[in-house]
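# compute the structure for the input listed below.
(chains A and B)
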Amino acid sequence: MSDHLYLERFGNVHALPILHYRMEFAHLVREAFETVQPDCIALELPQTLEQQFLRGVRRLPEISVLAYHVAAQSAFLIIEPADPLIEGARLALENEVPLHLIDIDLDSYPSHPEQLPDSYSVQRIGLEPFYREVAKLYREIPPGEEDLRRERGMAYRLRQLSAQHERVLFICGMSHLERIRQDFDAPQAQPLTRTRREGITIFNLHPECCHEVLAEYPFLSALYETRRSPLPPEPAPGGPSLRKSFNAFELILGGKQSIPEEEALAESVQRSAHRIGAEGELPDRQKIMLRLFLEAARHYRQETGDKVHFWQKRAFFRFARNYALLSRMLLPDLFQMLAAARGCLDDNFAYAFFRLAAHYPWQREASDLPTLRLSAAELWSGTKRIRFRPREQVRAKGLSRLKMMNRKKEKRPGDWLEGFDDPYICSFPPEDLNIEEYGRNLKRIGARQLSEEASKSEPFSSSLLDGIDMRETLRNLHEGKIYVRENKRLKSGVGCVVVILDEDKEGTKFPYCMTWLGEHAQESDMAFYATPPTDNIVGPGISRCEYGGFLLSYPPRRMVDVWHDPDYRYALGKGEHLLMAALDYSLEKDVVYAAAKPPRSFMKQHAARLGKRIIYLPLGSLSPVALKKLRAFHILYGRDKRDIAKDYIW
Amino acid sequence: MDRITIDGINLTLANPIELPLLWVGDEELLRQLLAAWMVIDERDIPFNPRLIGKPGVGKTTLAYAAAKRLGRKVYLFQATMDTRPEDLIVTPVIGPEGTIQYAASSLVSAMISGGVLILDEGNRMSEKAWASLAPLLDDRRYVESIITGLRISAHPDFRIVVTMNEDSSTFEVPEYIHSRLQPQLFIDFPEADEELAILKENLPFAGSSILNYVVQFLQRGHAADEPYSVRDGINIARYALKMMAATEKDPRELLPLAVERILGEEALRYLK
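Have a look, this model is predicted:
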C-alpha cells in the first residue's frame, strides 16, 4: 500500500473515502484496486443509470454526458477520466470484476455549502489525515433526510454484497462514509426506491465545451488518461510547431500539407506526461501546472516570437498562488491560472495557455452518439441544475468573459492557404498608422532628450530665465544664492528614425529585407528586415512577420532599395546598414537611433562627416508594451484581405 | 496634520482620504487585487499591481474599495505630466517664519503609516518621476529624497496600486518600471446586470425604467466599441432626472437631450 492510500475496513468491505471529480482520488482508486484485489466493486451511483452509464464508461477516453429530466429540470452526469467513481467502473470493466451501483435514485439531492480542503493536500500529507479532518467537518453538518435514506440504502446493499463476495471495494464520497459504516453494522430494511428511470440519454460532449464543464481541466484529464496506460515514448525535441510555416512554393500551389496544430498540442501532453513524476506515481498537480506553463511558453514563443522572462514566470506563480489562497485553495483553478497568465504576461500568452489547457486529444465532434454543447452557465444556473452529486461551488466558473478565446481557427487543415493566390501584397492600414505615430513619438522623445541635455542652471543675476531651480537652490543654500534654470530648445528637427529590436547577429532570424515607399503623402518611406512572410500564416492570405529593425524616412518617395546600395557595404550588420541609410536620407540634422546598444564611435564620426548627429535612445527606456504592439506586422495577399484581416490579427 | 522626525528632519505628513466610493462590479477583480497585495510570510513582498482600462470603468473605485477591504488608510496621488520626483517624495515649503519646512507627499505618508497609495493616471508621469520610484517598487522598498538626503523605507503594510488609461499615455513607461508594475489587471466594461447594479448604487432615487434604458444604451455603445462608460451613464440619468424635476416632463423624453449634452450628437444613434 502506498503512503498516500488509506482504506476504511468494515467486514470484508474495503471503503475508499473520496472527493468527487478530483484527479488525486481517481489515482487512489487505482492504488486501492491493486492493493485490495477485489472480487466486487461498489460505487455510490444509482443502479437506474447503469446501462447508459456503462456505455459512457466504455467510450472512454472519449467523454460522454448522461442527461435526464427531474421534474422541470435537467440533470447531467459527465463521464470523464479523472473522476474516482468513473475510474472505479472502468477498472471493473477492464478486469472483469463485478460492478454494482448501490446508491438509491432520488429526485433531489441536497447540496451543502461546505468548503472542502484542496485535494492536492493528499499528495503531501496522505489520505488518512485528510479524511480524518474532512470527516470531522461533516460531523458538524446535520445530514438531510435524503442523505440518510441514501446511506441506509447503500449500507443495505453493501451487506448483501459482503455476503456474496470475499473482498468488496467500495468507493464513496467522504460525507457519507462514516454513517454508512455505522448503518452497516445495524440491520437494515430494504429501501423503497425507484427501480427504473425513463428518458436517460447519452451524448458525446462537444470538444469546445470541455474546458468549461469538465471538473478537471482537459489538459490535466489528458495527462491522467495518458498515464493510465504504459507511457508512450517521450517525443524528441524540435517536433511540430504551432507556427504555420510553408515555403513559397506551397503557398503558390494553394497548400497540400496539413497543419499539425493538434499534433503539436498532443506532443506537449505526451512530453508532460513523462515529466510529472515516475510512471505509476500519483501525478503531482503542482508539477502539472508547471508543465502547462512551460509548454504554453514554448507555444507562445513559436507563435509570437516573444520570450517569457524569468520575472514573468515568477510573478505568474506567485500571483496564482495568492489568488488560490484567497479562495482557500492550495493551487489555482483554470480560471485563476488564466487570470494570472493575462495579468503577469499578456493576452497572447493567456491564449496559448488556454489553448493547451483546453486540449483533450481524444474528443471529436463527430461521434457514434449525438453531440451536445454544454456551458458552465447551463450547468450551474438556477434554471437548470447540474448533476445529482454535489460539487464544490467554488469551482463553478465560466470562462466566457475572456474575450481573447474567440480567436478564429482554421476550419480544416490547409484552409488558410487558399487565400494566397493573389500576387499583390499590401500592408494592414491600422498597423501603418501605428508605426507612423510611433515614429513621431520617437522624434518627440529624441528632441526632448536633446533639449534637456542642453538645459542648464546658473545663479540668478539679471534674468529669471525659465524659472527658479528649487533643487539647485536648496543644494547650494550655503551660498545664499538663488539658482535659475534655462531650458534650451533644440533648433534643428529630427529627420529619420531607426529602431533596432534585434540585431540579428547570426543573420538568419530576419532574412526578409525590404524597402517600401510611402503610399501617400502622410506615410514615410520604410526599410526593414523581418521574418519571412511564409514563416507564420495566421489567416487566409494573411502572414504575420516580426520586425528585426526598421527605418522611417519622411517625406516619402525618395528612398531607393537600401539593401542593395553599395554605399552601405561598410556596415557591420543590418542595424548599422539602416543607420547609414538614415544618415543619408535624413533632411534634418538629427537622426533617432533606438537600439539595445549605442552605435559604434565610427558611426558617430561618419554622421559628423555628413553634418548629422545621432540621438541614441536605449531600447529599455521605451515602453515594452508599445514595442510589442509594433514588432509584429502583417502582410496581406490581395487588397480584399483588408476587409477580413481584423478578425485574424491580434 | 501629523509630523514625524526621520534622521533629524521634520516631515509633515499628508492626510488620508475618505471617499464615498463603493465597488459594485465584478467581485473577482477585487479578489485579484487583494491577491496581488497579499503576503504569506514576513520575507514575502507584495506585488505593485496596475489597473488598466478605459476611462470611467471604475479603476480608482476598485482600488479604493480593495484598500478599504484591507482596513488601511488610503492615500491618493494624482499623477500628471508635470509631476517631478520631488513632488512624489518630499517637497520643501516655506514655513510661517520664512524657514524651509518639508512636506511628505501622500506617497511617503502612506509608506510611513503603512497605508495604501493609489497612484492615479500613472502613465501620465515622465520617466524621471518613475525612476525615483524604482527602488520602492522592487525588493528594496524605499525611496530617496534628494532634497532632504533622506532614505525612507516603506512600512511592511504599505501597498501601492497604479491606475492607467489604456490609450492616453503622455509618456512611455520604460521597461524597468513595466516589470515592476505587475500584475496588470484589466477592467473591461461591465455586463448589463453589473452595470444596472452600479447605476442603482449611484442613483438610488432613480426609477428602474430609466436606469434600464440607460443600461441598454451603454451596452449598445460597448458592443460598437465606443468609449461610453458607466460614469457617462450616471451623468446622463442624473441630468435627465434633474431636467425632469425642472420641467416635469417624462425622463425618457429627456434622455436624448441628456445624451446629446453629455456625449455629443454622434451618441444619439445608440438610443433606440
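
# could you use CA atoms for every contact and neighbour count after this?
Fine.

# how far off centre is the helix or strand that contains A:Ala67?
Secondary structure assignment for A:Ala67, by DSSP states H and E: strand A:64-70. Its chain's C-alpha centre and that of strand A:64-70 lie 30 Å apart, by CA atoms, centre = their mean, to the nearest Å.

# could you identify the helix or strand that succeeds it?
strand A:73-79.

# buried set for that following strand?
Neighbour-count burial for strand A:73-79 flags A:Ser74, A:Ala75, A:Phe76, A:Leu77, A:Ile78, A:Ile79 (criterion: 16 or more other CA atoms under 10 Å in any protein chain shown).

# among those residues, which are within reach of chain B?
Checked against chain B using CA under 8 Å from any CA of the partner chain, these give no members in range.

# which one of the residues you listed is nearest chain B?
Nearest to chain B out of those is A:Ser74 (CA to the nearest CA; 25.4 Å).

# which parts of chain A sit against chain B?
Counting by CA under 8 Å from any CA, the residues of chain A near chain B are A:311-312, A:315, A:319, A:322-323, A:326, A:340, A:342-344, A:471, A:474-475, A:620-624.

# again, only this time at 6 Å
Counting by CA under 6 Å from any CA of the partner chain, the residues of chain A close to chain B are A:Asn322, A:Tyr323, A:Gly343, A:Cys344, A:Gly620, A:Ser621, A:Leu622, A:Ser623, A:Pro624.

# surely the fourth one touches A:Phe316?
Going back to what we said before, that points to A:Cys344. Yes. Under the criterion of CA atoms under 6 Å, A:Cys344 makes contact with A:Phe316 at 5.5 Å.

# and these two? which has more neighbours close in?
A:Cys344 (28 against 23; other CA atoms under 10 Å in any protein chain shown).

# show me what contacts the more buried one?
A:Gln312, A:Phe316, B:Pro183 (CA atoms under 6 Å, 6 or more residues apart in numbering or on different chains).

# and the second one, what is it in contact with?
By CA under 6 Å, 6+ apart, the contact set of A:Phe316 is A:Ala340, A:Cys344.

# using the three-state scheme, assign it.
When classified by DSSP: H, G, I helix; E, B strand; the rest coil, A:Phe316 comes out as helix.

# what's the answer for A:Leu636, then?
Assignment for A:Leu636 (three-state DSSP): strand.

# CA atoms only: put the strand or helix carrying A:Arg298 into PDB for me.
Counting by DSSP H and E, the element that carries A:Arg298 is helix A:285-304. What follows is helix A:285-304, C-alpha atoms only, in PDB (Å, rounded to 0.1, in the frame of the first residue of the first chain):
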ATOM      1  CA  ARG A 285      -0.900  18.700  -9.700                       C
ATOM      2  CA  GLN A 286       1.700  21.400  -9.000                       C
ATOM      3  CA  LYS A 287       4.100  19.900 -11.500                       C
ATOM      4  CA  ILE A 288       1.200  19.600 -14.000                       C
ATOM      5  CA  MET A 289       0.700  23.400 -13.600                       C
ATOM      6  CA  LEU A 290       4.400  24.000 -14.200                       C
ATOM      7  CA  ARG A 291       4.400  21.800 -17.300                       C
ATOM      8  CA  LEU A 292       1.400  23.600 -18.600                       C
ATOM      9  CA  PHE A 293       3.100  26.900 -18.100                       C
ATOM     10  CA  LEU A 294       6.400  25.800 -19.700                       C
ATOM     11  CA  GLU A 295       4.700  24.200 -22.700                       C
ATOM     12  CA  ALA A 296       2.500  27.200 -23.200                       C
ATOM     13  CA  ALA A 297       5.600  29.400 -23.000                       C
ATOM     14  CA  ARG A 298       7.100  27.300 -25.800                       C
ATOM     15  CA  HIS A 299       4.000  27.700 -28.000                       C
ATOM     16  CA  TYR A 300       3.800  31.400 -27.200                       C
ATOM     17  CA  ARG A 301       7.400  31.800 -28.400                       C
ATOM     18  CA  GLN A 302       6.700  29.800 -31.600                       C
ATOM     19  CA  GLU A 303       3.700  31.900 -32.400                       C
ATOM     20  CA  THR A 304       4.600  35.400 -31.400                       C
END
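
# what comes up buried for that helix?
A:285, A:288-304.

# same thing with stretch A:128-136?
A:Glu128, A:Phe130, A:Tyr131, A:Val134, A:Ala135.

# with stretch B:137-154 instead?
B:137-138, B:141-148, B:152-154.

# for stretch A:320-340, same thing?
Applying 16+ other CA under 10 Å to stretch A:320-340 flags A:320-327, A:329-340 as buried.

# can you name the element that comes right after the top helix by length along chain B?
Using DSSP state H to define each element, chain B has its longest helix at helix B:230-247. As assigned by DSSP H and E, the chain's next helix or strand after helix B:230-247 is helix B:251-263.

# so the residue most central in space within chain B is in which element?
Nearest residue to the geometric centre of chain B (CA atoms, centre = their mean): B:Thr60, 2.6 Å. In this assignment (DSSP H and E), B:Thr60 forms part of helix B:59-70.

# with B:Ile52 instead?
Counting by DSSP H and E, B:Ile52 is found in strand B:50-53.

# with A:Leu464 instead?
A:Leu464 belongs to no helix or strand, assigned by DSSP H and E.

# how deep is it tucked in, by neighbour count?
Neighbour tally, A:Leu464, other CA under 10 Å: 16.

# identify the residues contacting it.
Contacts of A:Leu464 by CA under 6 Å, 6+ apart are A:Val484.

# next one: it from chain B, what distance?
20 Å (CA to the nearest CA, to the nearest Å).

# cool, and A:Glu506?
25 Å.

# burial count for that residue?
Neighbours of A:Glu506 using other CA under 10 Å come to 8.

# doesn't it fall inside a helix?
No. Looking at A:Glu506 with three-state DSSP, it is coil, so not inside a helix.

# dihedrals phi and psi, it?
phi -70, psi -20 (degrees, to the nearest 10).
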